[in-house]
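Peer 1: just to be clear, the model below is a prediction. Sequence and coordinates:
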Amino acid sequence: MKIWTSKTETAAVKKIAADDMMLTKDMPTAAGSKMLDGYLSLLEAEALTRMKNAGYGICGKANVGEFAVDLMGETSCYGVPSADGVLKNAAAEIVQSGEAMAAVGLDVNGSIRRAAAQYGLVSVKPTYGTVSRYGTVPVACSGETVSVTAKNIADCREILDVLAGHDDKDGTSLSEAECEKIRQSAGCGETVRRVAVISEFTEGVDAKTAECLNAAKKALSENGIEVAEISEKTIAAARIAWNILMSAELCNNVSRYDGVKYGYRSADANTIDELYTNSRTEAFGDLLKTAILYGSDTLSTENYMKVYDKALRVRRLVSESFGKLFEQYDAVLMPACSRSAYSEDITASERDIAFTENLYTAPASITGLPTVTAGGVQLIGKAFSENALFEAAKLYE
Amino acid sequence: MRYETVIGLEVHVELATQSKIFCSCHAKYGAGPNEHVCPACCGMPGMLPVVNRRVVDYGMKAGMMLNCTINRTTTFDKKSYYYPDLPCAYQTTQWFAPVAVNGLVEIETSKGKKNIRIKQIHMEEDAGKLVHDISEDTTCVDFNRTSVPLIEIVSQPDLSSAEEVEAYLERLKNLLRYAKVAECAMEHGTMRCDVNLSVRPEGSDKLGVRTEMKNMNSIDAIKRAISYEVARHIDAIENGTEVLVQETRRWDDIKGKSYAMRNKETAGDYRYFPDPNVMPVVIDDAWYQAIEASLPEFPEVKRARYIETLGLGEYDAAQLTKSIAVCECFEDAYAVCKSAKDAANWMLSEVMSILGSRKMTPDSLTLDGKTLGELITLVSAGTVGRSNGKKILAAMFDDPSLSPKEYAERNGMIVSNDTGLIEQVAKEVLAAEEKAVADYRAGKEKALAAILGKCMKQLKGNCNPQVLRELLIAEINKM
């Protein structure tokens, strides 16, 4: 099982692992895909530059699943990371072993959160727009966010403080003034007082995940935080809408990998069409091909209004539902995945599991809301409420 | 049966910004292959598009010049297709909320004035260029042009002849050049045109089968293509020579024929969707007003001012206002020489004649108007003779930093006030030209002009012709 895709020496005391979605100039970036195996970027992710400038050392690249859309990394071109019959996650292994104090990666479809939950680590996916996406391999740009995984909340917060802030090179990066405006309009208190648990997300999880959830609820209640069980169907619809938006954007973003300019090129091609088709057929894995076909179909003239546009409307409805919820509650507590571990052959029996397990991660991805995963569960809050979420999650981390 | 032609145009115009639309690479034409590229415009992962605000400025300005409504929130969308000159396999363009909509352009042809409706103007990035002739079995890609900003001006099908198409294109070019947003030179590829054409029985309100000819890059070729297509359509309708289908055709200007493009090149679904990396551009009142305030004087307004305020004739005013480069040179020259008539004369005769002899278009004029004004002043004051003035003008085309006065001094072109010298030359010439003198005395006025010319030649043109003429007559009378 491949944990590191490359390693490098660093004299810095505080070592950071970058996941292989983060572009680096001194190490290749494959994004877990045969298509980009050995690809050396001309640019470096802004997040990594900020880490380096703040005195942290990038010690290597952690293996990821192909374009980070899978469960935990099992679609990597370097093989399925697993041990003792269960799926492993490279970045989480690195953080757990202490080889790096934290991992910085791109949360596309929730794999970072699922791994943090299953390893009992802490991960923060900050509000969309707070950390620059410059220098990350683009997949589902409307929702993917640079995220941090560490052993505890203090380390996670320390890294996020370095990463957060406006970047001119990312048009979706918010200015300090914009951040402040949203912070005020969202009416963010510095503390979480009331937490909602949505029943649609707690049914059907395994015993250990339910245990984590109960432990978190108990810890919150014991500390005077009101915990209410509610039903919210719209937010549960986020998954299907996210699968549409993510696949469509993915299809479009990976269409640049055509065997012409860089990356994998089929040796067996006589025409430009054969070059495109054979290079992509040979280099992309099955899950990615499924997403490409699905995404391409949702954007067709025939389906755009029926499918893609509807997904955009659902995205807005989900945001509105969260907005309404946040009039009464400060945060939403929910699992990050349905089980505490995945068997290594899970994709053989549940082929599309990455598109169903993201039931729990899609709500924060599709809305861009911040979420802190700790103690095996995630806490989703209002925009820019990371500090309040960290404080609350401390109670059960 | 009589037929009428229905034409709609999609005109692509490269905006004259310094840098590209989404990255800071140079947008200028003419560098070596792939010199103006970065990871973003080469389609490498990781760089994000940041909208060049100047492109939006120019897009709005173009919209205002064509009487469009500006969408105060304008958005960018992705258009997907595979082609080796398109590095990301998508083009960022505007599909759902283009910068400008519902415009109107007035054209004038031999049949009079007509309004052409503009459906929309959208901003987008250009594609790269494929180079096939470097080696036999390889095609090379030059990405210098990728992400160079374009606007596409989409007209309604309001045009009905090649003459109208020409007038419309000239009008667009004139307006956009006035606003300084684009060069619009078809010969440089900074203006290209797709022609949508159908034919129907005159008076019918039902449109015929439409064909599209893509990437036309010269007005003459467009005219030839239109007349070919109209004939082909009519032939198909009347004689059933072929079944017309809605398709994209390629115009071969050398063979003078259009060909259906392979279905593969045209069929396809572009799968447009909003680009999540480009935030909607919101044009607030301050921005809108700043652009509005920066609009130039329109050609008609300028023309009227030239006639009413400067006292120029209608023809001269019309000629001058055809090109903003000419207008600017004229206005600068006028500011220095203070005579609109002299400045207009020099522009329309001398300057135009040099442009013509050098095969340059009026739009490519870079002559400094103030320097021209100095030259006009020198000639009007009699300090430099007119024929020497023309020589100085030609020298000014070669050397923009040239000072007419210094040049005249250095090259012995200052009109002499030395009457002694003029007298001496006059006497010498008269002595040598007995026959001409005799002819003049016999009443042939022309003979005097010949004598005068010979004297001028000896004096290298540095003499006031009126002074010389009077002196010659006096001398002849004395003889």
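Peer 2: Done, it's in.
Peer 1: now for the host helix or strand of residue B:405, which elements pack on it?
Peer 2: Taking DSSP states H and E as the criterion, residue B:405 maps to helix B:404-410. With contacts taken as 3 or more C-beta pairs under 8 Å, 6 or more residues apart in numbering or on different chains; DSSP states H and E, helix B:404-410 sits against helix B:369-380, helix B:386-398. Placement of C-beta: from N, CA and C, glycine included.
Peer 1: can you give me the strands for the stretch 251-400 of chain B?
Peer 2: B:257-260, B:273-274, B:281-282 (DSSP state E, counting those that start in this stretch).
Peer 1: closest to the centroid, which residue in the chain?
Peer 2: Picking chain A for this. residue A:107 (1.8 Å; C-alpha atoms, centre = their mean).
Peer 1: correction: the question concerned chain B.
Peer 2: residue B:363 (4.5 Å).
Peer 1: give me the pLDDT for it.
Peer 2: You'll see residue B:363 listed with a pLDDT of 91.
Peer 1: re earlier: which one of the helices and strands packed on helix B:404-410 lies closest to residue A:395?
Peer 2: Closest approach to residue A:395 among the helices and strands packed on helix B:404-410 is made by helix B:369-380 (76.8 Å; C-beta to C-beta).
Peer 1: could you dump the closest one to PDB, C-alpha only?
Peer 2: Extracted in PDB, the C-alpha atoms of helix B:369-380 (Å, rounded to 0.1, in the frame of the first residue of the first chain):
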ATOM      1  CA  GLY B 369      -1.000  65.600 -36.100                       C
ATOM      2  CA  LYS B 370       0.800  68.400 -34.200                       C
ATOM      3  CA  THR B 371       3.900  67.900 -36.400                       C
ATOM      4  CA  LEU B 372       1.700  68.000 -39.400                       C
ATOM      5  CA  GLY B 373       0.200  71.300 -38.100                       C
ATOM      6  CA  GLU B 374       3.700  72.700 -37.800                       C
ATOM      7  CA  LEU B 375       4.400  71.800 -41.400                       C
ATOM      8  CA  ILE B 376       1.100  73.300 -42.600                       C
ATOM      9  CA  THR B 377       1.900  76.500 -40.700                       C
ATOM     10  CA  LEU B 378       5.300  76.700 -42.400                       C
ATOM     11  CA  VAL B 379       3.800  76.200 -45.900                       C
ATOM     12  CA  SER B 380       0.900  78.600 -45.300                       C
END
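Peer 1: residues of it that come out buried?
Peer 2: B:369, B:371, B:372, B:373, B:374, B:375, B:376, B:377, B:378, B:379, B:380 (16 or more other C-beta atoms under 10 Å in any protein chain shown).
Peer 1: quick one: the last one and residue B:319, what's the gap?
Peer 2: Note on residue B:380: its distance to residue B:319, by C-beta to C-beta, to the nearest Å, is 21 Å.
Peer 1: same check, this time on the second one
Peer 2: In this structure, residue B:371 and residue B:319 are 21 Å apart, going by C-beta to C-beta.
Peer 1: got it, and the first one?
Peer 2: Applying C-beta to C-beta, one obtains 16 Å for the distance of residue B:369 from residue B:319.
Peer 1: give the contact list for the residue in the stretch 1-150 of chain A that chain B sits nearest to.
Peer 2: Residue of the stretch 1-150 of chain A nearest chain B, by C-beta to the nearest C-beta: residue A:142 (3.5 Å). Applying C-beta atoms under 8 Å, 6 or more residues apart in numbering or on different chains, we find residue A:142 in contact with A:245, A:249, B:276.
Peer 1: same thing but 10 Å
Peer 2: Going by C-beta atoms under 10 Å, 6 or more residues apart in numbering or on different chains, residue A:142 touches A:128, A:172, A:242, A:245-246, A:248-249, A:312, A:315, A:365-366, A:368, B:273-277.
Peer 1: show me the shaky parts of the stretch 101-250 of chain A.
Peer 2: A:181-189 (pLDDT under 70).
Peer 1: redo that, cut-off 50
Peer 2: Counting by pLDDT under 50, the stretch 101-250 of chain A has no low-confidence residues at all.
Peer 1: chain B now?
Peer 2: Within chain B, the ranges that satisfy pLDDT under 50 run B:264.
Peer 1: domain parsing for it?
Peer 2: B:3-286, B:297-410, B:419-478 (automatic domain parsing).
Peer 1: return the residues of the stretch 201-350 of chain A in contact with chain B.
Peer 2: Proximity of the stretch 201-350 of chain A to chain B (C-beta under 10 Å from any C-beta of the partner chain) is limited to residues A:245, A:248-249, A:251-258, A:260-263, A:272-273, A:275-277, A:280, A:295-304, A:308-309, A:312.
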